[in-house]
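S.K.: Could you look at this predicted model? Sequence included:
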Number of protein chains: 2
Amino acid sequence: MLDFKLRSQSGASRAGAFETAHGQIETPVFMPVGTLATVKALSPEELKEAGAQIILGNTYHLYLRPGCDIIERFDGLHRFMHWDNPILTDSGGFQVFSLAKLRKLTEEGYAFQSHIDGSRHMLTPEKSIEVQICLNSDIIMCLDQCLEHPASHEQAGDALELTTRWARRCKNVWQVQTDCRNSLFGIVQGGMFADLRARSAEEISEIGFPGYAIGGLSVGEPKELMMEMAAHTLPLLPADKPRYVMGVGTPEDLVELVGLGADMFDCVMPTRNARNGQLFTQQGTINISNARFRKDEQPPDPECSCYTCRHYSLAYLRHLYTSREILAYRLNTIHNIHYYVNLVKAMRAAILAGTFEAFRKDFYGKRRMVPA
Amino acid sequence: MLDFKLRSQSGASRAGAFETAHGQIETPVFMPVGTLATVKALSPEELKEAGAQIILGNTYHLYLRPGCDIIERFDGLHRFMHWDNPILTDSGGFQVFSLAKLRKLTEEGYAFQSHIDGSRHMLTPEKSIEVQICLNSDIIMCLDQCLEHPASHEQAGDALELTTRWARRCKNVWQVQTDCRNSLFGIVQGGMFADLRARSAEEISEIGFPGYAIGGLSVGEPKELMMEMAAHTLPLLPADKPRYVMGVGTPEDLVELVGLGADMFDCVMPTRNARNGQLFTQQGTINISNARFRKDEQPPDPECSCYTCRHYSLAYLRHLYTSREILAYRLNTIHNIHYYVNLVKAMRAAILAGTFEAFRKDFYGKRRMVPA
């Protein structure tokens, strides 16, 4: 169904495309995070104008609020939230791990209490897939076991083994319960251990999925270690399937990871940092509350074509932000999502043109131009 | 400059039009409140799509934040906030009265301390006009003396006398300092006393302004008293000039006041109540957090053509609102502003068609259809 096609390679970096029930996706691609059936502060039209092809929904959050009984009335997330393009949902495992209270992990799954009202729930591989099917996501993710950092070799080994057993259960439910309108991705774990990452990649690939993700990165480890693990693991994943590095990262991370052969990304950084007043620009990352912008009539990035940069000055954005006006969060987020989506699109164009290395050099040269 | 033209009358109600430096305004008109150079949660494009012809800015707030030294770099509010249609600003008096700390009233003006940082300022009639000129508003308001409710006849009499003396000073500055690109409105005070309202209307009319406002209503008095004062005062204002009832009110208030001959309105109700989850519809006013909307696939108002009602369900809006998502405030506000602006537009059409009384009956008949 997914039918990933590689269009071009430049070193390890790849430009490709694949199909979903809600349209084609060109890779590499950045997926804005829409936790609760909304990419915070943006409308679907603004996401499209920014060039977003696909967004991510969080299964844990949506399962608790508003709940599947409501979303299934709308035949899934798309109509509920007025977004008719592709959606990827995570398994819920990471949020149970990071947000839920009193979780207990067994072979069966996670027993946990809602972080909202303390209600008790059980998240099993089967349940995760069923919820994601109810959300009608185009790409659904296997439930995996996440780890705190640092974790021992033994802990990471146990987690990867459980992740493999859960991946088989996920694939079973998916095969039985869907008409393959959506695609299931396997997730590689293994902590910060090269041998375990290799073993996980082998086991997950052997089960066989339409796409593969690397989980358990950007969980508190040093940047070099994260890149080392990604560089080690990416080439071990099937070359004819999309490769998704979950929950990463800075603009620089994305450039490095595309250089290593990653195809898909999601991260809360452009949205969350926008709400904290941080704007990503080609010339560097700035903080809009900085007093030097008080009277600045220029837009955040004179070369940027987003709605915010076309119509608003740094002085106005600073005024809105320091006044805590709701519009501040929107205008900042529009800019950051436009930046992230188009950074990855520009990398795709460079790969297709065979100029990725030149792009990379130019990117770093420009990004250091302004102080934060 | 303003050149108010009455197009039609139906009983006391009037349909008219006048000119500003940023375009024509058709009356009756509702002006959304954009306190800090933004109508909270909305973009200028969304205001235009809702049909807003003119917005209101608050001089007190803008003077403190971001300050005139910044806004004058943009030649006023319009370019600063990306709104190229007309703007009305108030004098700042009401906010000094209701928000500022340690204010002291003298013949000269208000001495006050900022509610933000305690800094000391002096708001005189001259200063108010100068700030409004710096904001480049299309319609600027005289500084008046506001009163607590209830106030004695003596207090109200003193306040109206001071308001008259200040009105003369305001007109002087305006005549000297502007090229009449903008229009200055006089404000009638007089508390809840018919004789004082009449005296104020006479004195302010005698000074002569391009338009007239009734201030000091909706300050805590019973609804019947407010309507009594408006009904008494409106016919005393020059018939060939626009009449603006400040800071009022509910949809029902607007229908009554248009029936009494009012032409212009502003109120925070559609924006503020939207942020509190209250939606105005033709069938009644609803609270979006009500559990009965949990699974409701209908829009807030099936007959409404706003962006929110075209694309979103009550269930989704309830989900966003109970999850405190930023998009909730925007979608609710879009709907309420659309409702208010178009309610007043519909009254204009009815006046032009000579069917205002029928409109009024139909309005009340429908508004009671749903429980809050």
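M.R.: Happy to help now that I have it.

S.K.: only C-alpha atoms for contact and neighbour calcs from this point on.
M.R.: OK.

S.K.: Stretch A:24-40 near chain B at all?
M.R.: Yes. Using Cα under 8 Å from any Cα of the partner chain, stretch A:24-40 reaches chain B at A:Leu36, A:Thr38, A:Lys40.

S.K.: Closest one to B:Val188 out of these, please.
M.R.: Set against B:Val188, the nearest of the residues of stretch A:24-40 next to chain B by Cα to Cα is A:Lys40 (44.8 Å).

S.K.: hang on, that closest one packs against B:Ala328?
M.R.: No. Assessed by Cα atoms under 8 Å, A:Lys40 is found out of contact with B:Ala328, at 9.9 Å.

S.K.: quick one: A:Trp83 is in a helix?
M.R.: No. Using DSSP: H, G, I helix; E, B strand; the rest coil, the secondary structure at A:Trp83 is coil, not a helix.

S.K.: Quick check: mean pLDDT of stretch A:148-157?
M.R.: The predicted model assigns stretch A:148-157 a mean pLDDT of 96.

S.K.: Span of it from start to end?
M.R.: Stretch A:148-157 has an end-to-end distance of 13 Å (criterion: Cα to Cα, to the nearest Å).

S.K.: Just the buried residues of stretch A:122-136, please?
M.R.: With burial defined by 16 or more other Cα atoms under 10 Å in any protein chain shown, the residues of stretch A:122-136 counted as buried are A:122-136.

S.K.: Go through these and flag which are in helices.
M.R.: Among those, DSSP state H puts A:Pro125, A:Glu126, A:Lys127, A:Ser128, A:Ile129, A:Glu130, A:Val131, A:Gln132, A:Ile133, A:Cys134, A:Leu135 in helices.

S.K.: Just list the residues touching the fourth one, thanks.
M.R.: Applying Cα atoms under 8 Å, 6 or more residues apart in numbering or on different chains, we find A:Ser128 in contact with A:Thr59, A:Ser91, A:Gly92, A:Cys142, A:Leu143.

S.K.: Just the buried residues from these, in ChimeraX please.
M.R.: For the buried members of the contacts of A:Ser128, the matching ChimeraX selection, counting by 16+ other Cα under 10 Å, is:
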select /A:59,91,92,142,143
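
S.K.: Please save the CA atoms from the strand ranked longest in chain A in PDB.
M.R.: Criterion DSSP state E: the longest strand present in chain A is strand A:13-20. Output in PDB follows, covering the C-alpha atoms of strand A:13-20 (Å, rounded to 0.1, in the frame of the first residue of the first chain):
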ATOM      1  CA  SER A  13      20.800  11.100   1.900                       C
ATOM      2  CA  ARG A  14      17.600  10.100   0.100                       C
ATOM      3  CA  ALA A  15      14.700  11.700  -1.700                       C
ATOM      4  CA  GLY A  16      11.600   9.600  -2.100                       C
ATOM      5  CA  ALA A  17       7.800   9.400  -2.100                       C
ATOM      6  CA  PHE A  18       5.100   7.100  -0.800                       C
ATOM      7  CA  GLU A  19       1.300   6.800  -0.900                       C
ATOM      8  CA  THR A  20      -1.300   7.000   1.800                       C
END
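
S.K.: Show the subsequent helix or strand relative to that strand.
M.R.: Using DSSP states H and E, the helix or strand that follows strand A:13-20 in sequence is strand A:23-27.

S.K.: residues in contact with the helix or strand following that next one?
M.R.: Toward the C-terminal end, the helix or strand that comes next after strand A:23-27 (DSSP H and E) is strand A:29-31. Residues from elsewhere that reach strand A:29-31 (Cα under 8 Å, 6+ apart): A:52-56, A:263-267, A:340-341, A:344-345.

S.K.: biggest separation within those, which pair?
M.R.: Farthest apart among the contacts of strand A:29-31 - using Cα to Cα - are A:Leu56 and A:Lys345, which lie 17.6 Å from each other.

S.K.: quick one on the thing from earlier: in JSON lines, list the contacts of A:Ser128 along with pLDDT and secondary structure.
M.R.: Output for those, formatted as JSON lines (pLDDT from 0 to 100; DSSP: H, G, I helix; E, B strand; the rest coil):
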{"residue": "A:Thr59", "pLDDT": "98", "secondary structure": "helix"}
{"residue": "A:Ser91", "pLDDT": "97", "secondary structure": "coil"}
{"residue": "A:Gly92", "pLDDT": "96", "secondary structure": "coil"}
{"residue": "A:Cys142", "pLDDT": "98", "secondary structure": "coil"}
{"residue": "A:Leu143", "pLDDT": "98", "secondary structure": "coil"}
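
S.K.: between the contacts of A:Ser128, which is nearest chain B?
M.R.: Nearest to chain B out of the contacts of A:Ser128 is A:Thr59 (Cα to the nearest Cα; 15.1 Å).
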